[in-house]
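Trainee: Need the 3D shape of this:
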Amino acid sequence: MLKQLNKKTKAIIIIAIIIVIATIAAIVVNNLSNDNNKDPNEAAATQTAEPTKRPIALPTHNTETTEEAATVSAAATEEITQTASPAETTAPTAAPTDSADVNEMVDESNTEAGIDALQMKEDTLKNQDTFDSYISNKDYDSAKKLLDDFFKDNSYANNSLATYKNYVTYYESQGLYNDSAIYQLDYIEKNDGLDNVREGSTHYQLLTATLQNIPDFSDSRLDTIEASVKCWKELEDLYTANNDDEVISRTKDMIKNGKETVTAYLYLVQSLRSKGDSLEEAKVYYCYLAKDYTTLNQLEQSYYSMFSNALNMLYYNDKITSDDVEYLEDEFDYNNYLK
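Mentor: Alright, predicted model coming up:
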């Protein structure tokens, strides 16, 4: 039993770092829904947590991947509204002896992550001005070099709309619409997943605009995207009509039958929240958080951070009890719950 508690204590410290940074991210990320990244917990994420409550320990599977799991979405505002790259936080080398030590550790981590995020945003905006200047002057060689040297692999810009939009601008300002379409399809497939595309996605809207210039363009991935858009539009209409039972039934069937997309999880937790079923909502978060963070794509990682934050907000805001938390951590069969 002591061994188990020590393990849980380590997990708590790691998750404490994640949650505090994630709370900041939830404030910075204005509206993820426009980019396939709708924060399902806008109300919960803005409320203040009680300092006496500890973060919920995530499934053991993810306590082993400390640096990857201790990350959070941090997006710039205005034009750069897609989820940005999580800022890594170093895990503590030893468990604190009391809650004061934990709070101090989290505060220090929070400050460091905030500074890093601001620096990443500043670097992105500076290079954005340079890129815009190159495009304006039709210096496409310099623009391409800046895209490849900075935007392509920059952890902030690459996971925001900056990189995506800039590549589209680079290609289409030269009339290279086929190249633009192929870039966008490759990006969506890698970073979002073709089955997660929704009608309101900025990626989808930009791709649609591009395709209007090349009516004969053909790619089998377009069929998958259109099927995805249709699927999520139907669920969105059901959710808007307050038909939560049907949304819950459909999304659970999707997850059970092999279409285990993060968007299915999103609609499932939204409808569970609408019904006021907080413990079931918490269970769904816990199932998703049992996934190996390192195997998730960009969109999925963004939701990992948001779902982790939302799970703890249920506890901090008394939507679930301490007994519920103990059940999730010690008894809940998260591997088979949605199977």
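Trainee: okay, now residue 230: neighbour count?
Mentor: 10 (other Cβ atoms under 10 Å). For every residue, glycine as well, the C-beta is placed using N, CA and C.
Trainee: so which helix or strand takes in it?
Mentor: Here residue 230, judged by DSSP states H and E, is contained in helix 221-240.
Trainee: and what of residue 253?
Mentor: helix 244-256.
Trainee: Can you tell me what sits against that helix?
Mentor: Judged by Cβ atoms under 8 Å, 6 or more residues apart in numbering, the contacts made with helix 244-256 from elsewhere in the structure are 235, 238-239, 260-261, 264-265, 267-268, 270-272, 274-275, 338-339.
Trainee: Pull out the buried members of these.
Mentor: Neighbour-count burial (16 or more other Cβ atoms under 10 Å) is assigned, among the contacts of helix 244-256, to 235, 238-239, 260-261, 264-265, 267-268, 270-272, 338.
Trainee: need those in TSV with pLDDT, can you?
Mentor: Below are those laid out as TSV (pLDDT from 0 to 100):
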residue	pLDDT
235	97
238	97
239	97
260	90
261	95
264	97
265	97
267	97
268	97
270	96
271	97
272	97
338	91
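Trainee: is it true that residue 197 touches residue 206?
Mentor: No: judged on Cβ atoms under 8 Å, residue 197 makes no contact with residue 206 at a distance of 11.8 Å.
Trainee: Of these two, which one has the most company?
Mentor: The residue with more neighbours, out of residue 197 and residue 206, is residue 197; 26 against 18, by other Cβ under 10 Å.
Trainee: Now for that one: which residues touch it?
Mentor: 36, 188, 203, 204, 225, 228, 229, 232.
Trainee: Equivalent analysis for residue 238, please.
Mentor: Taking Cβ under 8 Å, 6+ apart, we find residue 238 in contact with 246, 247, 250.
Trainee: mind running it again at 6 Å?
Mentor: Applying Cβ atoms under 6 Å, 6 or more residues apart in numbering, we find residue 238 in contact with 246, 247.
Trainee: Also the one 3 residues further on?
Mentor: If you count contacts by Cβ under 6 Å, 6+ apart, residue 241 has none.
Trainee: what about it, distance to residue 263?
Mentor: Distance check for residue 241 against residue 263: by Cβ to Cβ, to the nearest Å, it reads 18 Å.
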